[in-house]
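In: This is a predicted model, with the sequence first.
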Amino acid sequence: MVSIIIINYNTFQLTKNCIESIYEHTQNISFEIILVDNASTECDPKLFLKEFPNIILVPSPTNLGFAKGNNLGIQRATGDKILLLNSDTLLKNNAIKYANDFLEKNRNVAVVSSSLEYEDGEIQHTCQRFPSIKYSLAELFRVQKILGKDKGGKLLMGSFFNHQEVTFPDWVWGTFFMFPTDLLQKLPEKKLADIFFMYGEDMQWCMEFSKLGYQIGFEPKAQVIHLMGKSGAPKNRMMIDNHKTFMNLYYSSFEQKLIKFINKLL
């Protein structure tokens, strides 16, 4: 069974639409929906139970943010898989079953994500590489262009990877983030890291699983619409600060300085 964790914060209609898409498209697999309400003021979270009496509602008296909110929901999970699913998503197909099957076939994979796209069908580049000297140099010298799209796409830089084939990136977005429940027991605090209120936690989670020797997977058969904005707004202070914290946690001072220097040349 898959335990689906959804965080709601003042997005009643979006979250309602997300849950409806789960019930519409999910077949041949058992699941439970655990909805964590992060102290929303938009409406009484009990309204969700009127719409969906079978979900598990976990109201939080305070806004815990994304990571801690998910950990709160995970405490109520009974499935052998956990899916963290953003409230601003709509399943296009039986994505949950496809992702579950992928993990069953690939026992060396800790996390699998789906194909994400905008409403107009444009692909979102959810497959990412960790910051590294090697990949910064590869981008500096435009190695992906030299190799061509087929081989260059494997570097997962920019728009070269078409997100239409199975691959194993360094990390994936937390928008659709499925993993075996028992892997939590192998993490440092036996839970997902939650030092970040929001932004950057997905990269940290993948880093922690990678340090345990697992791969991260991407299953394009699982298709999801992600209703995130396309405005390309500048990074806010929280994102910048969290990235600095991430780098301090996992990279030496020398690595950080060299990566920063190379990236300035790009």
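Out: Received, thanks. This structure is a prediction, so every number in the text was calculated from the model and none was measured.
In: Residue 70 contacts residue 5, correct?
Out: Yes: the pair residue 70 / residue 5 is scored as a contact, 5.3 Å apart, by C-beta atoms under 8 Å. (C-beta placed from N, C-alpha, C; glycine too.)
In: Now list whatever residues contact both of the two.
Out: Jointly contacting residue 70 and residue 5 under the rule C-beta atoms under 8 Å, 6 or more residues apart in numbering are 36, 84.
In: Quick one: the helices in the protein, in order.
Out: Ranges of helices in the chain, per DSSP state H, are 12-25, 47-51, 65-74, 95-105, 133-140, 143-152, 201-211, 237-250, 253-265.
In: Dump those into JSON lines; add mean pLDDT as well.
Out: Output for those, formatted as JSON lines (pLDDT from 0 to 100):
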{"stretch": "helix 12-25", "mean pLDDT": "97"}
{"stretch": "helix 47-51", "mean pLDDT": "96"}
{"stretch": "helix 65-74", "mean pLDDT": "96"}
{"stretch": "helix 95-105", "mean pLDDT": "98"}
{"stretch": "helix 133-140", "mean pLDDT": "79"}
{"stretch": "helix 143-152", "mean pLDDT": "57"}
{"stretch": "helix 201-211", "mean pLDDT": "97"}
{"stretch": "helix 237-250", "mean pLDDT": "92"}
{"stretch": "helix 253-265", "mean pLDDT": "89"}
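In: Would you mind giving those helices as a markdown table with distance to residue 171 added?
Out: Formatted as a markdown table, the helices of the chain follow (distance: least, C-beta to C-beta, whole Å):
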| stretch | distance to residue 171 |
| --- | --- |
| helix 12-25 | 23 |
| helix 47-51 | 31 |
| helix 65-74 | 15 |
| helix 95-105 | 16 |
| helix 133-140 | 13 |
| helix 143-152 | 19 |
| helix 201-211 | 3 |
| helix 237-250 | 11 |
| helix 253-265 | 16 |
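In: what's the closest of these to residue 169?
Out: Closest approach to residue 169 among the helices of the chain is made by helix 201-211 (8.3 Å; C-beta to C-beta).
In: Can you name the residues in contact with that closest one?
Out: Residues contacting helix 201-211 (C-beta under 8 Å, 6+ apart): 66-67, 110-111, 128, 130, 170-174, 177, 179, 183, 187-188, 192-196, 216, 246, 249-250.
In: Give the buried residues for that helix.
Out: By 16 or more other C-beta atoms under 10 Å, the buried positions in helix 201-211 come out as 201, 202, 203, 204, 205, 206, 207, 208, 209, 210.
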